[in-house]
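In: need a 3D model of the following:
(one chain, ligands or ions: 1)
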Amino acid sequence: MTGAGEWRRILDTLRDGRRFLLLLHVKPDGDSIGSSLALGRALQKLGKEAVLVCPDELPESLRFLPGSDSFVRPEAVSGPFDAAVFLDCGDLERAGPARPLADLATVRINIDHHLSNARFGDLNWIEADAAAVGEITYRLIRELGVALDRDMAYALYASLVTDTGSFAYQNTTPATHRIAAELLELGVRPQVVAREVWENRPEPALRLLGRALENLVVDPGGRLAWTRLGQEDFQRVGAGPQHAEGVVGYPRSLRGVEVAVAFIEAEPGVWRVSLRSNERVDVSRVAARFGGGGHARAAGATLSGRFEEVAPPLLDACRAALDEDGRAPA
Ligand SMILES: [Mn+2]
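Out: Next up is the predicted model:
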């Protein structure tokens with residue numbers, strides 16, 4: 001959490017500026033996409049220009065959101081901007097190829113909820129206990145005096161639903177539900193969002209999940225479980241890394257598991273590692289030791305090399321974190 005002065009300066013910058021650049025993170029998720037769509041629309045309602053930049057293709061599951069066709073590629077953007085707003089980016093690198101565009105802006109505003117946020121902005125608002133950046137964006141829009149409309153409500157609801165796993169994760173709070181209630185009152189139909197976000201799955205994704213379940217390994221004692229999807233798995237079912245989204249939720253769902261890991265070989269020899277914990281272990285600390293980061297219950301890192309080389313040290317770090325937790329007073 002940051003001081004109230006910083007929050008006021010962010011609001012002032014948004015009120016005073018005319019032209020804004022909104023930046024998402026690479027492999028954009030519902031939180032990043034929903035927050036930027038909602039804030040962009042709010043700024044437009046105030047008569048300002050908002051350019052929404054997406055470093056990657058939008059995931060299929062979020063293209064139902066109104067305005068999702070308004071994102072532009074980094075190479076199509078020209079400055080100057082009064083401010084660049086980073087949403088849901090734990091560090092500058094997360095903005096990927098869009099990162100240099102921030103130099104076209106007078107002020108860099110960093111709005112995030114990652115514990116590990118690098119505070120790279122001129123103005124930073126980091127709220128680690130916000131379930132989603134969408135919650136912070138909701139308050140920003142309210143305090144800018146913009147009335148939420150149905151399109152913004154859908155965007156913010158998508159942000160909440162994706163970052164809380166449909167209000168199931170530990171980050172879900174009364175505030176999350178209060179905001180969600182208001183979004184439903186504005187016309188959001190929850191079944192539409194759930195269907196689009198979770199259930200509109202292409203067949204290769206389900207086939208790939210089958211591979212992931214076959215590759216499941218459970219540590220003796222049952223508190224650590226992991227799976228892997230190598231290039232051979234993707235080839236076998238005609239899937240790509242984008243179809244591996246959410247796979248780590250399956251080892252996490254196993255009875256007795258505290259820490260779950262998914263090793264995804266996104267490119268030959270490049271492993272995207274997803275870490276999850278259920279109750280106690282801070283996996284962002286494990287991820288940080290391997291150059292990654294994230295939240296206490298959900299974090300990630302990228303490792304290069306053969307699986308046999310990259311996996312054991314990371315799994316050992318998980319075991320050490322679990323041992324440490326076992327020794328801590330209850
Ligand atoms: Mn988020």
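In: from now on I want contacts and neighbour counts done on CA atoms only, so please keep to that.
Out: OK.
In: quick one: pLDDT of P329?
Out: P329 is assigned a predicted lDDT (pLDDT) of 62.
In: brain fart, P55
Out: If you check P55, the pLDDT there is 89.
In: okay, now it: neighbour count?
Out: Applying other Cα atoms under 10 Å, we find 23 residues neighbouring P55.
In: thought it was touching R99?
Out: No. Judged on Cα atoms under 8 Å, P55 makes no contact with R99 at a distance of 9.0 Å.
In: S61: what's its closest spatial neighbour, skipping adjacent residues?
Out: V197 (4.9 Å; Cα to Cα, 6 or more residues apart in numbering).
In: tell me how far that neighbour lies from T176.
Out: Distance of V197 to T176, given as Cα to Cα, to the nearest Å: 18 Å.
In: hmm, who's touching the longest helix belonging to the chain?
Out: Assignment by DSSP state H gives helix 307-327 as the longest helix of the chain. Identification of contacts with helix 307-327 by Cα atoms under 8 Å, 6 or more residues apart in numbering yields 223-224, 259, 263, 269, 271, 280-283, 286, 290, 303-304.
In: these in helices, which ones?
Out: Among the contacts of helix 307-327, DSSP H puts V283, V286 in helices.
In: in the contacts of helix 307-327, find the pair that's most separated.
Out: Within the contacts of helix 307-327, G269 and R280 form the most distant pair, 31.1 Å apart (Cα to Cα).
In: can you report how many residues neighbour L156?
Out: Applying other Cα under 10 Å, we find 33 residues neighbouring L156.
In: correction: Q235
Out: Around Q235 there are 11 other residues, counting by other Cα under 10 Å.
In: for it, phi and psi?
Out: Main-chain dihedrals, Q235, degrees, to the nearest 10: phi -60, psi -40.
In: ok so, going back, which of the contacts of helix 307-327 are buried? Put it as a ChimeraX command.
Out: Applying 16 or more other Cα atoms under 10 Å to the contacts of helix 307-327, the buried members can be selected in ChimeraX as follows:
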select :223,224,259,263,269,271,281,282,283,286,290,303
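In: for the contacts of helix 307-327, which one is nearest the ion?
Out: Closest to the ion out of the contacts of helix 307-327 is V283 (15.8 Å), distances taken as Cα to the ion.
In: which residue is the nearest non-sequential neighbour of that closest one?
Out: In this structure, V283 finds its nearest non-sequential neighbour in A296, 5.3 Å apart by Cα to Cα, 6+ apart.
In: low-scoring stretches of the chain, by residue?
Out: Along the chain, the model assigns pLDDT under 70 to residues 1-2, 329-330.
In: got the residues of it near the ion?
Out: With Cα under 5 Å from the ion as the criterion, the chain meets the ion at residues D31, A132.
In: residues near R272, how many?
Out: Look at R272: counted by other Cα under 10 Å, it has 21 neighbours.
In: list the contacts of it.
Out: Per Cα under 8 Å, 6+ apart, neighbours of R272: F263, I264, E265, A266, G300, A301, T302, L303.
In: let me know the closest of the residues you listed to the ion.
Out: If you rank those by distance to the ion using Cα to the ion, G300 comes first, at 12.9 Å.
In: can you get me a residue count around the closest one?
Out: Count around G300 with other Cα under 10 Å applied: 24.
In: is it true that it touches L275?
Out: Yes. Counting by Cα under 8 Å, G300 touches L275, with 5.6 Å between them.
In: shared neighbours, those two?
Out: Taking Cα under 8 Å, 6+ apart as the criterion, G300 and L275 both touch A287.
In: any idea how far the one residue in the stretch 101-250 of the chain that gets nearest to the ion is from L208?
Out: Per Cα to the ion, A132 is where the stretch 101-250 of the chain lies closest to the ion, at 4.8 Å. When distance is defined by Cα to Cα, A132 is 28 Å away from L208.
In: list the buried residues in the helix or strand encompassing L213.
Out: Using DSSP states H and E, L213 falls within helix 203-214. Within helix 203-214, the residues that count as buried by 16+ other Cα under 10 Å are P204, A205, L206, R207, L208, L209, R211, A212, L213.
In: kindly report the same for stretch 165-176.
Out: S166, F167, N171, T172, T176.
In: domain parsing for the chain?
Out: Domain assignment for the chain by automatic domain parsing gives 4-199, 203-327.
In: contacts only, for the residue nearest to S61.
Out: The contact partners of V197, by Cα under 8 Å, 6+ apart, come to S61, L62, A158, T162.
In: no further questions, thank you.
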